[in-house]
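S.K.: Next one to model:
(one chain, ligands or ions: 2)
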Amino acid sequence: MGLSSVPAASTPKLWATSDVHVSHESNRAFVTGLSERPGDWLVLGGDVCESADDLAWTLDELAPKFARMFWVPGNHELWSLRPDEPRGVAKYEQLVSVCRARGVVTPEDPYVLFPRGVDAPTAAGAGEEGGPPLYIAPLFLLYDYSFRPPEVAREDALRWARESGIRCADEQFLFPEPYATREAWCDARVRDAEARLTALGPEATFVLVNHFPLRIRDVILPRVPRFSLWCGTTRTEDWAVRFRARAVVYGHLHVRRRTAEGPCEFHEVSLGYPPQWSGDPDAQLRRIL
Ligand SMILES: [Fe+2]
Ligand SMILES: [Fe+2]
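M.R.: Residues are numbered from 1 along each chain as shown. Ligands and ions are numbered 1, 2, ... in the order given. Reported below is the predicted structural model:
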């Protein structure tokens, strides 16, 4: 650090959680029980709820506790359970509006530069003042059924899953309109995010946030392995390396995990359904930066 540089007043801590599923009463207690962290930032990695009203309730509870919040949609938020609800892209846009009304950053907003001052953490290489720019990038990439063994053809994939009793409720409730298929929607989302990440140049580094894991190797579901079809796309397999990610944050699996590979940490940060967590709400948050 040069003597003439002005240090940032304080570096926020970046926390993450996902799969809060507030339709479960005790998970609402997680939301209301979290302590205030007025200088810190919070990432919500999707599957907060199934309705715009519940998303609004959650953000109204949490926004006053944090300096900045980020949200990406999970498959549950995108469900249209009632005939009068918007579907597909229109449902997503309704949720984005709920976030914007509360100042919460969504995948539709510019990626946010993470401030790094003299007290910046050094974990995961995040803290070198004057280092490359580090952006928080909330992504909405969906899935395209490509997380499957090579011998299973796309047209056989749903049958292959059904053979082991697996069928995701998304097939009934997650509509792709106006796209013809969920794969087509995924394709559009991947192309858009790829262009935006690339546009920030070869120096930019990222915390990539997506509800679904970016790599098939992170889909660890010993009891329901064929659920992998609804867990991501192979098109993001190399994104952590290609976009110089310092961290990848995801949920969806309800299997918490933290691994490191080179300069990048991979965080599965699900809270999960009530039997899957207990205890102090604050202890459920994952520190990312
Ligand atoms: Fe979930
Ligand atoms: Fe999910």
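S.K.: Going by C-alpha atoms from here, please, whenever you check contacts or count neighbours.
M.R.: Will do.
S.K.: three-state assignment of G103?
M.R.: Under the three-state scheme (DSSP: H, G, I helix; E, B strand; the rest coil), G103 adopts coil.
S.K.: confidence score at it?
M.R.: Here, the pLDDT recorded for G103 equals 98.
S.K.: who touches it in this structure?
M.R.: By C-alpha atoms under 8 Å, 6 or more residues apart in numbering, the contact list for G103 reads 68-69.
S.K.: Let the chain start at 45 from now.
M.R.: Right, with 45 as the first residue, what we last looked at is G147.
S.K.: For the spatially closest residue to L157 that is not a sequence neighbour, grab phi and psi.
M.R.: Excluding the flanking residues, the one nearest L157 by C-alpha to C-alpha, 6 or more residues apart in numbering is Y179, at 4.4 Å. With angles defined as degrees, to the nearest 10, Y179 sits at phi -110, psi 140.
S.K.: Next, work out how far apart Y179 and ligand 1 are.
M.R.: Y179 is 25 Å from ligand 1, where distance means C-alpha to the ion, to the nearest Å.
S.K.: ranges for the strands of the protein?
M.R.: Secondary structure of the chain (DSSP state E): strands at 58-61, 81-88, 110-115, 156-157, 178-182, 249-253, 289-294, 301-305, 308-312, 330-331.
S.K.: what would those look like in CSV with mean neighbour count?
M.R.: CSV is the format used below for the strands of the chain (neighbours: other C-alpha atoms under 10 Å):
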stretch, mean neighbour count
strand 58-61, 22
strand 81-88, 20
strand 110-115, 21
strand 156-157, 14
strand 178-182, 24
strand 249-253, 26
strand 289-294, 26
strand 301-305, 13
strand 308-312, 23
strand 330-331, 17
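S.K.: And for A100, the neighbour number?
M.R.: Here the count is done by other C-alpha atoms under 10 Å, and A100 has 18 residues near it.
S.K.: again, but for A145
M.R.: For A145, the count of nearby residues is 9 (other C-alpha under 10 Å).
S.K.: show me where pLDDT drops low in the stretch 45-194 of the chain?
M.R.: 45-53, 161-174 (pLDDT under 70).
S.K.: Residue numbers of it in contact with ligand 1?
M.R.: 63, 91 (C-alpha under 5 Å from the ion).
S.K.: Now the longest helix along the chain: buried residues?
M.R.: Counting by DSSP state H, the longest helix found in the chain is helix 226-243. Within helix 226-243, the residues scored as buried using 16 or more other C-alpha atoms under 10 Å are 226-231, 233-234, 237, 241.
S.K.: Farthest-apart pair in those residues, please.
M.R.: Using C-alpha to C-alpha, these span at most 22.3 Å, a distance reached by R226 and L241.
S.K.: Using a markdown table, please lay out the strands of the chain together with distance to P130.
M.R.: A markdown table is the format used below for the strands of the chain (distance: least, C-alpha to C-alpha, whole Å):
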| stretch | distance to P130 |
| --- | --- |
| strand 58-61 | 26 |
| strand 81-88 | 22 |
| strand 110-115 | 19 |
| strand 156-157 | 29 |
| strand 178-182 | 23 |
| strand 249-253 | 25 |
| strand 289-294 | 26 |
| strand 301-305 | 34 |
| strand 308-312 | 30 |
| strand 330-331 | 33 |
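S.K.: where exactly do the helices run in the protein?
M.R.: With DSSP H as the criterion, the chain has helices at 69-77, 96-106, 133-144, 201-206, 214-217, 226-243, 283-286.
S.K.: and of these, who's closest to ligand 2?
M.R.: helix 214-217 (9.5 Å; C-alpha to the ion).
S.K.: Roughly how far does whichever residue of the stretch 195-333 of the chain sits closest to ligand 1 sit from W101?
M.R.: Residue nearest to ligand 1 within the stretch 195-333 of the chain: H296 (4.6 Å; C-alpha to the ion). H296 sits 21 Å away from W101, taking C-alpha to C-alpha, to the nearest Å as the criterion.
S.K.: same question, P154
M.R.: Distance of P154 to W101, given as C-alpha to C-alpha: 24 Å.
S.K.: One more: G89?
M.R.: Relative to W101, and taking C-alpha to C-alpha, G89 is found at 16 Å.
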